[in-house]
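Trainee: The amino acid sequence is not available; the structure is as follows:
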DNA sequence: AAGGCCATGTAACAAGTTACATGATTAA
DNA sequence: TTAATCATGTAACTTGTTACATGGCCTT
């Protein structure tokens, strides 16, 4: 949130939440409620300060010098470990008993969704490379693209590994 | 947890937690405390039942028929969305102001850690393919390997994108 | 200017983490 | 047989999610 505030300037909780979705949502989720709670905490710490209350008691927050210093310190300390949760791998890992047809449906839906994401990232990166040129931003989008490419490759190799699922003969009739 | 219990049989909370680490830890984390709380919930629902209390009031839980049915239903319903949190992408996204030398250190550490993981998955999968042959298990490990390959590729392309970080000239002297 | 819709914020709940307590086991 | 260590469980706290309340804005 400090990073976002430093890049987009004074914003209220709701707008900050939407920015987070757009700018870092693919590798760091944040709900609206969290944003408000955390803004309160950051204000108490003196890392952000709010302007006057506007409509619906909405206030625009901006980062303070102290907040900028804290952000830099946090970044300098280095990243925490990744959190990867792939529920579909649980489906696979424990899904030997599922009807093959159902398993195929699940995998097809998964595949479609990620195919779309992959195209999205591909286009976004191409777009960024031609127009804007913040390489730090491009780097994050590229990670998304490569991640989706890995998912696609995995899906491509699956039928060879799970013939009983993909073999039509074994489908429910 | 129901999936684990159905595969490994009666276990106490601690052992179940360790099994989770080993068997699904790479794509689904679960702390020991969560395991205990959830076992309680599952017991209340009648999805698991406990044997007699042993040492340190430890009890071995096993899955019930009702639990097995609930598991199958859950699996059939299809997987939830993925959760991906890559703190290093925040470091990149907001780290333009970091000292290049520090950024390189961070990336190097990151790279080393993932290189090790990649080798681990590669060996594990090869091992599994030759000895055991639960294809569902192999599929999950393979995902790990492909994910790490994507990370590696990303790292390989980074210097081209962020020359100011990797160019020796711009390092602190 | 009244009704419906959206923007903004809040509160209650659920999931996840950290730190601690305590009873067994092992080794000297 | 005592001290140290480990296994097991619990409690307190933090983070994340869901559902709700309410006030401003737009449309008619």
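Mentor: Received the coordinates, thanks. All of these numbers come straight from a predicted model, not from anything done at the bench.
Trainee: Show me what the lengthiest helix in chain A is packed against.
Mentor: Criterion DSSP state H: the longest helix present in chain A is helix A:100-130. On a contact count with 3 or more Cβ pairs under 8 Å, 6 or more residues apart in numbering or on different chains; DSSP states H and E, helix A:100-130 meets helix A:87-93, helix A:135-161, helix A:163-166. For every residue, glycine as well, the C-beta is placed using N, CA and C.
Trainee: got the ones you listed as a markdown table, with mean neighbour count columns?
Mentor: Shown next, in a markdown table, are the helices and strands packed on helix A:100-130 (neighbours: other Cβ atoms under 10 Å in any protein chain shown):
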| stretch | mean neighbour count |
| --- | --- |
| helix A:87-93 | 23 |
| helix A:135-161 | 19 |
| helix A:163-166 | 16 |
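Trainee: and of the ones you listed, who's closest to residue A:59?
Mentor: helix A:135-161 (27.9 Å; Cβ to Cβ).
Trainee: for the residue positioned nearest the centre of chain A, what are its contacts?
Mentor: The residue lying closest to the centre of chain A (Cα atoms, centre = their mean) is residue A:26, at 1.8 Å. Applying Cβ atoms under 8 Å, 6 or more residues apart in numbering or on different chains to residue A:26 gives the contacts A:140, A:144, B:84.
Trainee: just the residues you listed that are near DNA strand D?
Mentor: With Cβ under 7 Å from any atom of the strand as the criterion, the contacts of residue A:26 include none near DNA strand D.
Trainee: which one among those residues gets closest to DNA strand D?
Mentor: residue B:84 (11.4 Å; Cβ to the nearest atom of the strand).
Trainee: Check what contacts whichever helix or strand the closest one is part of and list those residues.
Mentor: Secondary-structure assignment from DSSP states H and E places residue B:84 in strand B:83-85. Here strand B:83-85 makes contact (Cβ under 8 Å, 6+ apart) with A:26, A:27, A:28, A:29, A:82, A:83, A:84, A:85, A:147.
Trainee: Could you double-check that residue A:107 sits in contact with residue A:158?
Mentor: Yes - using Cβ atoms under 8 Å, residue A:107 is in contact with residue A:158, at 7.0 Å.
Trainee: Neighbours of the residue in chain A positioned nearest to DNA strand D, how many?
Mentor: The shortest separation between chain A and DNA strand D is 3.3 Å, found at residue A:33 (distances taken as Cβ to the nearest atom of the strand). For residue A:33, the count of nearby residues is 10 (other Cβ atoms under 10 Å in any protein chain shown).
Trainee: cool, the one 4 residues further on as well?
Mentor: Residues lying near residue A:37 (other Cβ under 10 Å) number 12.
Trainee: got it, and the one 4 residues further on?
Mentor: Other residues lying near residue A:41 total 12 when counted by other Cβ under 10 Å.
Trainee: dump the residue contacts of it.
Mentor: Residues near residue A:41 by Cβ under 8 Å, 6+ apart: none.
Trainee: Okay, domains of chain A per the record?
Mentor: Following automatic domain parsing, chain A resolves into domains at A:2-77, A:87-170.
Trainee: Ok, which of the ones you listed comes nearest DNA strand C?
Mentor: domain A:2-77 (2.8 Å).
Trainee: Could you check how far that closest one is from the centre of its chain?
Mentor: Offset of domain A:2-77 from its chain centre (Cα atoms, centre = their mean, to the nearest Å): 17 Å.
Trainee: lowest confidence element among the helices and strands of chain A?
Mentor: Least confident element among the helices and strands of chain A, by mean pLDDT, DSSP states H and E: helix A:163-166 (a mean of 91).
Trainee: and for residue A:107 and residue A:158, which residues touch both?
Mentor: Common contacts of residue A:107 and residue A:158 (Cβ under 8 Å, 6+ apart): residue A:165.
Trainee: Identify all contacting residues around the least confident helix or strand of chain A.
Mentor: Residues outside helix A:163-166 that contact it (Cβ under 8 Å, 6+ apart) are A:100, A:103, A:104, A:107, A:158, A:159, A:170.
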